[in-house]
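Undergrad: Structure, please.
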Amino acid sequence: MPAKVRVLIIDDSALVRRVLSEALSADSGIEVVGTASDPYIAKDRINELKPDVLTLDVEMPRMHGLTFLRLLMERRPMPVVMVSSLTVEGTDVTLQALELGAVDFVTKPQLDINTGLGLLMPELVEKVKAAARSRPRRRANVAEVVAKPAPRLSRTTQQILAVGASTGGTEAIRELLMQLPADAPGVVIVQHMPERFTRAFAGRLDTQCALQVVEASHGERVVSGKVLIAPGNHHMRLVRLGAEYRVEIDQGDPVRLHRPSVDVLFDSVASAAGKNAVGVILTGMGDDGARGLLAMKQAGAFTVAQDRDSCVVFGMPREAIALGGADRVLPLEGIADTVLDRFADQARL
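TA: All right, here's what the predicted structure looks like:
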């Protein structure tokens with residue numbers, strides 16, 4: 001039998017520790033080896049119990065969760081799943097945690113903790129198991145705010161960069177976009193993320209990238225120098241109207257449990273843009289985007305999958321590669337230059 005995933009729960013609430021412990025322990029593939037009510041106790045428990053994965057609260061006594069996470073990732077990188085509140089402040093802190101190296105997060109219910117935590121258990125179990133297979137990395141200092149170039153009239157784009165990601169994707173997307181120039185072709189992105197978080201995520205990226213980054217709105221034009229991120233809990237599709245590309249946003253049924261779905265975006269890009277597009281599938285668990293990337297390749301688009309060594313979780317790229325959907329398999333740091341070279345080649349044709 002495969003070894004169980006050993007989990008240490010860190011939360012200042014005795015109720016939350018109990019509910020999480022009982023629910024995670026109910027899964028045959030997980031063993032809760034201990035709990036801690038603050039980071040100082042957690043430090044000792046980590047050394048003693050050697051867990052595979054931590055679940056970590058943010059607001060705790062004696063040391064803030066982000067401070068603990070930063071120190072942990074500097075000294076002993078290991079998989080961490082954040083358990084955070086779905087508030088404006090909680091959203092921002094969670095995004096900071098992902099920048100510091102947390103693998104993923106789940107959101108605490110705001111009302112009935114006992115019942116609400118029970119409802120999020122399937123999601124937490126899945127993410128804990130994915131985190132155990134992840135490759136956490138020491139994070140460099142979070143990027144400083146980028147000075148934007150002077151505003152200019154947006155011009156239409158004949159070229160489209162479509163990106164899909166899930167677990168570990170917030171950092172991978174940030175690293176990719178930071179390497180793109182302010183006049184890069186229009187970018188459309190699906191990152192698996194709940195409502196509220198996608199707007200905050202776009203806002204943070206907008207301060208760190210030369211490109212303009214926004215949460216997409218229905219009917220919005222895709223133009224050079226701009227990145228559109230699919231809103232949480234909504235699908236995003238690319239459509240062509242005359243000489244323009246626009247996006248359509250809807251709440252159609254989840255596709256293989258995902259909304260937004262990378263497959264939905266990639267399929268639409270294959271139909272609307274064909275050979276004028278480049279598709280990139282980044283780190284993430286599951287297989288969302290694999291079929292869509294293949295559809296893009298079959299429509300004439302150039303397609304890229306992130307390689308195993310640079311992925312936090314290799315699931316989505318691995319499935320795309322297995323289907324034959326990737327023209328190239330590249331480390332994260334090599335994707336931007338390859339994409340830009342491809343666009344330059346297209347422009348010369």
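Undergrad: Low-confidence regions, the stretch 101-250 of the chain specifically.
TA: 109-119, 137-156 (pLDDT under 70).
Undergrad: Do a quick rundown of the helices in it.
TA: For the stretch 101-250 of the chain, applying DSSP state H, counting those that start in this stretch gives helices covering 113-132, 169-178, 197-208.
Undergrad: Nearest to residue 313, out of those?
TA: Among those, helix 113-132 comes nearest to residue 313, with 5.5 Å by Cβ to Cβ. Any C-beta I mention is one placed from the backbone N, CA and C, and that applies to glycine too.
Undergrad: Which helix or which strand is home to residue 98?
TA: helix 88-100 (DSSP states H and E).
Undergrad: which residues are contacting stretch 240-248?
TA: For stretch 240-248, contacts defined as Cβ atoms under 8 Å, 6 or more residues apart in numbering pick out 156-157, 160, 186, 188, 216, 218-222, 228, 236-239, 272-273.
Undergrad: so residue 214 bridges to which residues?
TA: residue 228 (DSSP bridges).
Undergrad: how near is it to residue 207?
TA: 12 Å (Cβ to Cβ, to the nearest Å).
Undergrad: which one of the two has more residues nearby?
TA: residue 214 (16 against 12; other Cβ atoms under 10 Å).
Undergrad: my read: that one touches residue 202, true?
TA: Yes - assessed by Cβ atoms under 8 Å, residue 214 is found in contact with residue 202 at 5.4 Å.
Undergrad: can you list residues touching both of these two?
TA: Counting by Cβ under 8 Å, 6+ apart, the residues touching both residue 214 and residue 202 are 227, 229.
Undergrad: Contacts only, for the residue positioned nearest the centre of the chain.
TA: The residue lying closest to the centre of the chain (Cα atoms, centre = their mean) is residue 169, at 3.0 Å. The contact partners of residue 169, by Cβ under 8 Å, 6+ apart, come to 191-192, 282-284.
Undergrad: again, only this time at 7 Å
TA: With contact taken as Cβ atoms under 7 Å, 6 or more residues apart in numbering, residue 169 is in contact with 191, 282-284.
Undergrad: filter those to the buried ones?
TA: Neighbour-count burial (16 or more other Cβ atoms under 10 Å) is assigned, among the contacts of residue 169, to 191, 282-284.
Undergrad: hmm, back to that, quick check: the gap between the residue nearest to the centre of the chain and residue 48.
TA: From residue 169 to residue 48 the distance is 33 Å (Cβ to Cβ).
Undergrad: same thing with residue 120?
TA: From residue 120 to residue 48 the distance is 28 Å (Cβ to Cβ).
Undergrad: Same question for residue 126.
TA: Taken as Cβ to Cβ, the span from residue 126 to residue 48 is 27 Å.
Undergrad: Have a look at those two and say which one is more surrounded.
TA: Set residue 126 next to residue 48 and count neighbours by other Cβ under 10 Å: residue 126 wins out with 16 against 11.
Undergrad: Leaving out chain neighbours, which residue sits closest to that one?
TA: Leaving aside its chain neighbours, residue 126 sits nearest to residue 285 (7.6 Å; criterion: Cβ to Cβ, 6 or more residues apart in numbering).
Undergrad: give me phi/psi at the one you found?
TA: phi -90, psi 160 (degrees, to the nearest 10).
Undergrad: can you pull the contacts of it?
TA: Applying Cβ under 7 Å, 6+ apart, the residues contacting residue 285 are 130, 166-167, 313, 315.
Undergrad: How about residue 329?
TA: 305, 307, 321 are the contacts of residue 329 under Cβ under 7 Å, 6+ apart.
Undergrad: Am I right that the first one is in a strand?
TA: So the one you mean is residue 305. Yes - applying DSSP: H, G, I helix; E, B strand; the rest coil, one finds residue 305 inside a strand.
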